Each structure stands twice: as structure tokens, then as C-alpha cells.
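Chemist: Next input, structure requested:
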Amino acid sequence: MLGALAEMESDRLSERIGHGWQHLRNSQKAVNPPWGYTVIENRHCLDHAPFLCLLEDREEWSKAKMARFVIDAFLRQKTTRKALREINEKFGVANFSRGRGRHTQHHFRFSPGGLTTYLHNPVLRGHLCYLRKRGGKTLTQDKWTIVYNTHPDQALITEQEYHLICEILNQNKLVRGYGTTAPKYPLSGLMRCAECRAVMYSMSSGRGRGLPGKNYYYQCRQWRDRSCNQKTV
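Modeler: Numbering: from 1, shown residues only. As a prediction, this is how the structure comes out:
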């Protein structure tokens, strides 16, 4: 009897949560603002409050200004990892966590996959969105319920820029970096770093000292973002 009552209460709780989200959709209230935004009167607005002061020039940055810098860095570098390297070198914001007994350093707040998900967020283009389904590594547009043009005056990305971002990301899925034709290797993305447990990818470099050919090796993803001391294996 107690098990049946617990199951019934769990079902009622699920229904209440579903009704609550449906009420938000019907009333078109903003929730869960992405980086660079805040919610004011149930509407997504750019967060222009001072957030960070750079040591090099004492310039104050808001979350909205930093968010636009993230977008511009990706459009300049054409890959998520190079963009993160530029972002980390610019702001140098870091926090520390422990995973599997090892000390790991993470810069800023984005991983390569997290940056991809962020760039796909419809809020950045002036639309209101609610998550419809999960699954896969990134939250693309087909996984959102979108209400269009709810805050176009607060958009960080234009539709033209978004189409360019999608083109770059789709190209990067086929090759190892934008504009390159180097093949992928079978163990790339399957090996993990012994220092920080991050995924490792195949790399190549010249042999040096006039020797022909190239050296091939696997490199830690966190080191490529300057977040791990273990460069190669």
C-alpha cells in the first residue's frame, strides 16, 4: 500500500511539474537565462551590470560584453577549441574541481561541446525557448520549443551570423578543424589523459632537424585549451 501511494504521489508530482512548464509556455515567461542575459519582468534582457575587471587595463566587462566577445572569438577562430584558447588567454578566469582523485583545472565556463550548445541557444538570437527533448551531445534547434522575436532588441547574434556559425560547425564535424582536410584517426576521441581524464585527439607535427615526414601523437583536449599540464602521450 505504501508503495502504491508513493507511486501515485510521484505521478502527481510529475503532472504538477508538467502543468507548471505548460503555464510558462502559455504565458511566454522567460526562464533560465543563458550567459550574458538576465530576466527582468519575465523577459530576457542583456546583463550590462559590471562583472569582471581586467588586470591589464582595468577595463570593466559585463556578462553581455563577455558573451559577445565569446561569439566574436568563435567567428574569428572558426573552431571551438581555438576560440576557447583566445577566451581563456583574455580573461584567465579559472576554477578547480576534483574528479577520480585527480586535480583538474577548467578555464572560464565553457567546454568545446558547451560552447557549441551555447551558440545554438535561440535566446541569443532574440527568441524565447523551452527545452523540448534531450539527447545527443549538443542542444540543436530541433530540441527547442521556440517562440520567435520575443526580445529582438536584446539579441546578441543575428540570423546571418547564426547561419554562418552553423556552416562552420557542420564543416568542423567532417574534418579536423575549419578549412582543413586532415583525416580523423580511429582512436581520436577514445583515449583519455592520465592527468585530468579529458579526451585526447590525434595530432601531427614536423619531425624537425630537417628530417622528412611528420610525427603523429595524441594530445589532451584540456591542454589544447591550456587547462592541463600533460601535453602529449
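Chemist: now the strands for this protein?
Modeler: Taking DSSP state E, the strands of the chain run over residues 37-40, 43-46, 50-53, 60-62, 94-99, 102-107, 128-131, 144-147, 200-206, 214-220.
Chemist: Please read off the pLDDT at residue 30 from the model.
Modeler: Note on residue 30: pLDDT of 87.
Chemist: list the contacts for it?
Modeler: Listed by C-beta atoms under 8 Å, 6 or more residues apart in numbering, the contact set of residue 30 reads 39, 42, 43, 44, 128, 150, 151. Placement of C-beta: from N, CA and C, glycine included.
Chemist: okay, the strands of the chain in TSV with distance to residue 76, mean neighbour count and mean pLDDT next?
Modeler: Listed next are the strands of the chain as TSV, based on distance: least, C-beta to C-beta, whole Å; neighbours: other C-beta atoms under 10 Å; pLDDT from 0 to 100:
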stretch	distance to residue 76	mean neighbour count	mean pLDDT
strand 37-40	23	16	93
strand 43-46	21	20	94
strand 50-53	20	12	89
strand 60-62	18	14	93
strand 94-99	22	10	48
strand 102-107	18	16	46
strand 128-131	26	19	82
strand 144-147	27	16	81
strand 200-206	22	16	74
strand 214-220	22	16	76
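Chemist: now those in a markdown table, with distance to residue 20?
Modeler: Shown next, in a markdown table, are the strands of the chain (distance: least, C-beta to C-beta, whole Å):
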| stretch | distance to residue 20 |
| --- | --- |
| strand 37-40 | 16 |
| strand 43-46 | 19 |
| strand 50-53 | 30 |
| strand 60-62 | 31 |
| strand 94-99 | 32 |
| strand 102-107 | 33 |
| strand 128-131 | 12 |
| strand 144-147 | 15 |
| strand 200-206 | 42 |
| strand 214-220 | 42 |
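Chemist: These: which one's closest to residue 12?
Modeler: strand 128-131 (22.0 Å; C-beta to C-beta).
Chemist: so what strands line up beside the closest one?
Modeler: Applying DSSP bridges to the sheet, strand 128-131 is found paired with strand 144-147 (antiparallel).
Chemist: how far away is the residue nearest to residue 48 when sequence neighbours are not counted from residue 126?
Modeler: Leaving aside its sequence neighbours, residue 48 sits nearest to residue 62 (C-beta to C-beta, 6 or more residues apart in numbering; 4.7 Å). Separation of residue 62 from residue 126 (C-beta to C-beta, to the nearest Å) stands at 18 Å.
Chemist: circling back to that earlier point, among the contacts of residue 30, which two are most distant?
Modeler: 39 and 150 (11.9 Å).
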